[in-house]
Structures are given as structure tokens and as C-alpha cells.
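> just coords:
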Ligand code: HEM
């Protein structure tokens with residue numbers, strides 16, 4: 001064959017291969033964005049599970065986005081009755097009515113089974129063999145949490161959970177109360193300039209919770225901690241702005257570029273905090289690597305036993321997870337409980353009386369005297385606040401293989417979404433007064449407040465229940481106990497009740513209250 005003939009043959013083979021590659025890529029694409037979703041939809045339909053129809057590429061995200069935008073621009077809600085499900089997750093509220101308590105939705109091409117029935121929730125959250133596992137996260141949420149305890153799976157999760165359980169053990173937590181107290185003192189010093197006037201407490205509580213987690217878990221100084229939080233706050237606002245918006249794979253928006261930069265800066269700031277601690281150890285610090293969460297992480301990084309050792313990247317991911325865990329959700333709980341107490345002044349008065357009694361005249365909670373644990377009315381108020389406005393609005397899992405959930409065969413890779421607001425606003429679980437603020441329903445504890453233990457999911461349930469639960473309750477009780485003894489407070493006329501979903505549930509226009517010194 002001549003050279004030109006050989007070349008022609010090469011071109012022919014090359015172009016055929018390229019055409020074949022294009023054809024295969026097209027089939028793969030169509031399988032992902034059309035054939036597979038339609039097949040999965042049929043599998044569920046044949047079992048009586050309905051839902052809004054799958055739409056090419058977007059799934060139901062456009063409907064979700066529009067419903068959410070519409071609910072955010074609605075006139076303010078009343079505060080005499082509550083319906084945060086309708087406001088924060090309007091798509092779930094209306095689709096439960098249309099399709100029942102378990103239904104299928106589409107986040108782009110990802111099938112999401114929405115589960116709101118306690119018996120099914122129990123099976124998912126109590127699963128221990130990895131059938132219902134965490135989904136591998138990506139995008140903005142990965143940049144916020146990293147691959148830490150909230151998101152990791154299998155052996156890695158077991159190792160991280162052991163460390164965290166140790167760090168947040170109840171006895172250890174009592175020793176953190178003085179740090180919490182001194183940070184609340186600093187906040188209340190600032191509040192002196194607002195006496196008799198309005199104050200926007202969500203900003204205040206952001207500062208407080210950032211300082212508390214920074215100092216208690218990481219012992220870090222103000223500047224380094226502040227750098228991490230500034231970046232985290234920016235990342236969270238990018239996440240919120242892009243919520244329910246899909247991006248094309250590989251396509252980089254201005255937000256993606258900005259979030260990459262923030263992620264790298266956060267990584268470097270945390271690395272600096274770690275290096276500083278290691279340097280202190282080298283200089284012969286009497287506490288070694290330290291007894292806080294960061295100290296435990298660094299110790300685990302230097303473990304001789306390989307099975308217990310964690311990498312530097314693991315340390316950074318865990319730091320991100322805890323910065324975030326101790327910040328967003330905590331601020332949300334503090335904000336909502338303050339708003340609810342500002343409206344329900346009878347409960348505010350009861351809580352104040354209890355604090356005065358239990359703290360026996362002291363202005364601050366004392367560690368180790370169990371006074372925080374004795375604040376029963378406060379507990380009831382906090383649980384009711386968590387029921388009406390749970391900070392975490394979606395608990396997510398994924399079926400790692402085909403599984404029977406109740407009577408439903410769930411195909412492998414289906415995501416399972418449990419929205420705590422749905423059982424929290426279910427009158428068959430809580431009674432006809434479900435929309436009312438009634439802390440007395442928790443007078444005999446969480447378990448006796450409902451006819452179903454899985455009806456209350458603010459901290460989740462099962463093996464992956466929130467590891468920071470006791471930390472959270474201690475911090476919020478400390479803050480409220482100190483606020484209640486110095487101020488009575490009412491809602492400002494500027495407050496507009498419009499709860500929305502950011503990374504946590506949130507008052508869209510801030511939380512303005514008026515402080516009346518006692
Ligand atoms: C009011 C405050 C808080 C609420 C409502 C809350 C809620 C939750 C929920 C619902 C989960 C389960 C998520 C899931 O299963 O997908 C969770 C897990 C977790 N929380 Fe919290 N949380 C709070 C405070 C905290 C604090 C203060 C920390 C740490 C300082 C923290 C750290 C974590 C971690 C690390 C996990 C993952 C546990 C695991 O998967 O093993 N949380 N939290």
C-alpha cells in the first residue's frame with residue numbers, strides 16, 4: 001500500500017474510532033439523563049410510589065427553586081401558630097399532600113425518595129450494616145464540610161466517631177462551661193450599648209458560637225479562628241445562593257472559582273493552627289498536644305498504631321466539620337429560641353424564674369454543680385424550639401444496594417431524604433395542637449412527648465445521632481441562663497417572620513429583639 005493509502009486508512013480508522021467514542025458518550029449521557037431516570041421512576045410507580053414527573057436533566061429542581069422563591073417573597077407569617085414546613089420546604093409540604101408521605105423526587109438526575117413515616121425513618125437511621133449510608137458529597141457542600149465525620153463512611157467513620165465521642169464526653173464537656181461563660185460575658189458587654197433598644201441577635205449569636213467552638217474545640221486565638229469563620233461564612237452564603245441550581249459538569253462559574261479560593265484559604269488557616277499547636281508541643285508544653293478536640297486529632301495523627309492513625313487531610317476535614325457543626329446549627333437554635341421567647345413572654349418569665357432558683361442567685365452557671373442539667377423548663381423550651389424550627393432540615397442517606405424499605409423495593413444508589421420538619425409538623429404524631437408553641441408537651445422528656453420516638457429528629461437518631469448534642473445543649477443553656485438574668489426581651493416591630501433554608505433554618509430578614517434591662 002502507498003503512503004497516501006496508509007494515511008487514508010489511518011484517518012478512516014481514527015475517525016471511525018472517534019465517531020464510536022462520540023456515540024458511546026452520547027449513549028452514556030442519554031442513559032444518565034433520560035433512560036435511567038425513566039426506568040427508576042417506573043420501578044417506583046409500579047410499587048405505588050408517586051411523585052412529580054422527572055424532567056430532562058433538571059429533574060424537579062426548577063419547581064423546587066420556584067416554590068422556594070415564591071415562599072420567600074410571601075407576606076410575613078404569623079407567630080401565634082407555626083408552619084415552618086410550608087415556608088421552608090414548600091415543595092415537600094405540597095408534594096406530601098399530592099403524592100402521600102413517601103414520594104419520589106429528582107435532584108437533577110439523582111433519584112431522591114422523600115421519607116416522612118416514622119417506621120421507615122427508623123429502619124433507615126438505625127441501619128448499621130452500611131445499606132443506608134452517607135452519599136459521597138461534592139460541590140459547595142464538600143468544600144464546607146470536607147470528608148469529615150458528618151459525611152464519611154465505613155471504617156473511617158468508626159475511627160472518627162470514636163475520637164469525637166471521646167472529645168465530647170459529658171464529663172469533659174462540663175470543663176468547657178467556663179469558656180462558654182466568658183464568651184457570653186463578652187457578648188453581654190456589647191449588649192450594654194443596646195439597652196432599651198433593638199438588637200439583631202443572629203449576628204451576635206454567630207460571633208458567640210464562632211468564638212465558643214474556636215476556643216473550646218481548637219483553643220485557637222481570635223485572629224486564626226476569625227479567618228476560618230470569615231471564609232466559612234462566605235462559603236455558606238455561596239452554597240445558599242446556589243441551592244437547587246444545577247451546574248453542568250466541568251463548567252466553572254464565578255462562585256465555583258471563588259469557593260475554590262476560599263476552600264484553599266481555609267485549609268491553610270487550619271494548617272497554621274495545627275502547626276502552631278505542634279510547635280507548642282515541641283517547645284515542651286505541659287499539656288502535650290492539648291486535651292481539646294484539636295489535641296486529640298493531632299495525637300491521632302502521630303499514633304504509632306496504623307489502624308488508629310489519621311492523616312493531615314483527615315485532621316483538616318474534621319476541623320472543618322466541627323467548626324461548621326458547632327457554628328451554623330448552634331446559631332440557628334439560639335436565634336429561634338430567642339425569637340420564640342420574645343413572643344411567648346409567659347414562658348420567658350418561667351424560664352427566668354427557674355434559672356434564678358437553680359443557679360441559687362449566681363449570675364453564671366457553675367461547672368460540675370449540675371445546675372445546667374436541672375434547667376428542666378429551659379430544656380422543654382429548647383426542645384419545642386427544635387421541633388418547630390429544627391436547624392438541620394434534611395437528613396440524607398443513600399441505598400448502597402437494592403433494599404426493601406417497609407414494603408418498597410428501593411433500587412441501589414437511590415438517595416433517601418428525611419426532612420425532620422415533616423414529622424415535626426405531623427398532627428398524627430403530635431396531636432391537633434401541632435402548630436402551637438407548647439413546651440409543656442416535653443414535660444416528661446422527649447420520648448414521652450410523642451406517640452413515636454422517631455417523630456422528633458432535630459438531632460437525628462441511631463448510630464449517627466449528633467455527636468455535639470450535649471455540647472449544644474450546654475452552650476445554649478449557658479447563654480440563655482445568662483441573658484435571662486440580665487434582660488427581659490420582646491420582639492421588635494422590625495422583625496419579619498419568614499423562616500428560610502440556608503445551610504440551617506434561618507430567619508430571612510434577621511432576628512431583631514428589644515432588650516429591657518432588669
Ligand atoms: C442545635 C445544635 C445542633 C443540631 C440541631 C445538630 C443536628 C445534627 C443532626 C440532625 C445530625 C445528623 C446528620 C445526619 O445524620 O445526616 C448531626 C450530626 C452531627 N453533628 Fe450536630 N447538631 C447540632 C450541634 C452540633 C455541634 C455543636 C457539633 C460539634 C461541635 C455537632 C457535630 C456533629 C457531627 C460531627 C455530626 C456527625 C455525626 C456522625 O455522623 O457520626 N453538632 N447533627
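Noted; the coordinates are in hand. Model, not experiment: these values are computed from the prediction.

> residue boundaries of the strands in the protein?
Along the chain, counting by DSSP state E, strands occupy 102-107, 110-115, 132-133, 198-200, 395-399, 403-405, 408-410, 415-418, 487-491, 499-501, 505-507, 512-517.

> Who are the packing partners of the fifth one?
The criterion is 3 or more CB pairs under 8 Å, 6 or more residues apart in numbering; DSSP states H and E, and the helices and strands that strand 395-399 contacts are helix 118-125, strand 132-133, strand 415-418. Placement of C-beta: from N, CA and C, glycine included.

> coming back round to it: with mean neighbour count, distance to the ligand and mean pLDDT added, can I get the strands of the chain in TSV?
Shown next, in TSV, are the strands of the chain (neighbours: other CB atoms under 10 Å; distance: least, CB to the nearest ligand atom, whole Å; pLDDT from 0 to 100):
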stretch	mean neighbour count	distance to the ligand	mean pLDDT
strand 102-107	21	16	97
strand 110-115	23	13	97
strand 132-133	20	10	96
strand 198-200	17	20	97
strand 395-399	20	4	96
strand 403-405	16	17	98
strand 408-410	19	18	98
strand 415-418	21	8	98
strand 487-491	18	20	97
strand 499-501	21	14	93
strand 505-507	24	9	94
strand 512-517	18	19	97
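
> What about whichever residue of the chain sits closest to the ligand, how many residues nearby?
Among the residues of the chain, residue 468 lies closest to the ligand, at 2.2 Å counting by CB to the nearest ligand atom. Neighbours of residue 468 under the rule other CB atoms under 10 Å: 23.

> give the contact list for it.
168, 322, 325-326, 329 (CB atoms under 8 Å, 6 or more residues apart in numbering).

> Just flag the most distant two among these.
Spatially, the most separated pair among the contacts of residue 468 is 168 and 329, at 14.0 Å (CB to CB).

> contacting residues around the residue nearest to the spatial centre of the chain?
By CA atoms, centre = their mean, the chain has its centre lying nearest to residue 392, at 4.4 Å. Contact analysis of residue 392 by CB under 8 Å, 6+ apart lists 329, 420, 458, 460, 504.

> these two touch, right, the third one and residue 384?
To tie it back to what came earlier, the one meant is residue 458. No: between residue 458 and residue 384 there is no contact under CB atoms under 8 Å: 10.4 Å.

> and the strands of the chain as TSV, adding distance to residue 44?
As requested, the strands of the chain are arranged in TSV below (distance: least, CB to CB, whole Å):
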stretch	distance to residue 44
strand 102-107	5
strand 110-115	8
strand 132-133	17
strand 198-200	45
strand 395-399	12
strand 403-405	11
strand 408-410	8
strand 415-418	12
strand 487-491	44
strand 499-501	25
strand 505-507	29
strand 512-517	45
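
> hmm, back to that, Throw the helices and strands packed on strand 395-399 into JSON lines and include distance to residue 450, thanks.
Shown next, in JSON lines, are the helices and strands packed on strand 395-399 (distance: least, CB to CB, whole Å):
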{"stretch": "helix 118-125", "distance to residue 450": "9"}
{"stretch": "strand 132-133", "distance to residue 450": "23"}
{"stretch": "strand 415-418", "distance to residue 450": "16"}
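
> can you tell me which of those comes nearest to residue 379?
Set against residue 379 and scored by CB to CB, the helices and strands packed on strand 395-399 come closest in helix 118-125, at 22.3 Å.

> For the stretch 51-200 of the chain, what lies in contact range of the ligand?
Residues of the stretch 51-200 of the chain lying near the ligand by CB under 6 Å from any ligand atom: 149-150, 161, 164.

> Which of the residues you listed sits closest to residue 55?
Among those, residue 150 lies closest to residue 55 (CB to CB), at 30.4 Å.

> Not counting sequence-adjacent ones, nearest residue to the closest one?
Using CB to CB, 6 or more residues apart in numbering and skipping the chain neighbours, the partner closest in space to residue 150 is residue 321 (5.2 Å).

> burial of that neighbour, as a residue count?
Residue 321 has 23 nearby residues by other CB under 10 Å.

> Isn't it up against residue 145?
Yes: look at residue 321 against residue 145 with CB under 8 Å: they come within range, at 5.4 Å.

> in this protein, what secondary structure element scores lowest on mean pLDDT?
Lowest on mean pLDDT, DSSP states H and E among the helices and strands of the chain sits helix 170-174, with a mean of 77.

> I'd like to know which elements that helix is packed against.
helix 469-486.

> and the helix it packs on, how far out from the chain's middle?
When distances are taken as CA atoms, centre = their mean, to the nearest Å, helix 469-486 is centred 20 Å away from the chain's centroid.

> Just to check, residue 380 is in contact with residue 442?
Yes: using CB under 8 Å, residue 380 makes contact with residue 442 at a distance of 4.2 Å.

> buried sites along stretch 160-180?
Of all the residues in stretch 160-180, those buried under the rule 16 or more other CB atoms under 10 Å are 160, 163-164, 167-168, 173-174, 176-177, 179-180.

> before we move on, what about stretch 112-125?
Buried, per 16+ other CB under 10 Å, within stretch 112-125: 112-118, 120-121, 123-125.

> Pick out the most distant pair among these.
Using CB to CB, the buried residues of stretch 112-125 span at most 19.1 Å, a distance reached by 112 and 118.

> ok, residue 479 - contacts?
Counting by CB under 8 Å, 6+ apart, the residues that residue 479 touches are 180, 184, 187, 205, 208, 334.

> can you rerun that using 7 Å?
Each residue near residue 479 by CB atoms under 7 Å, 6 or more residues apart in numbering is listed here: 184, 208, 334.
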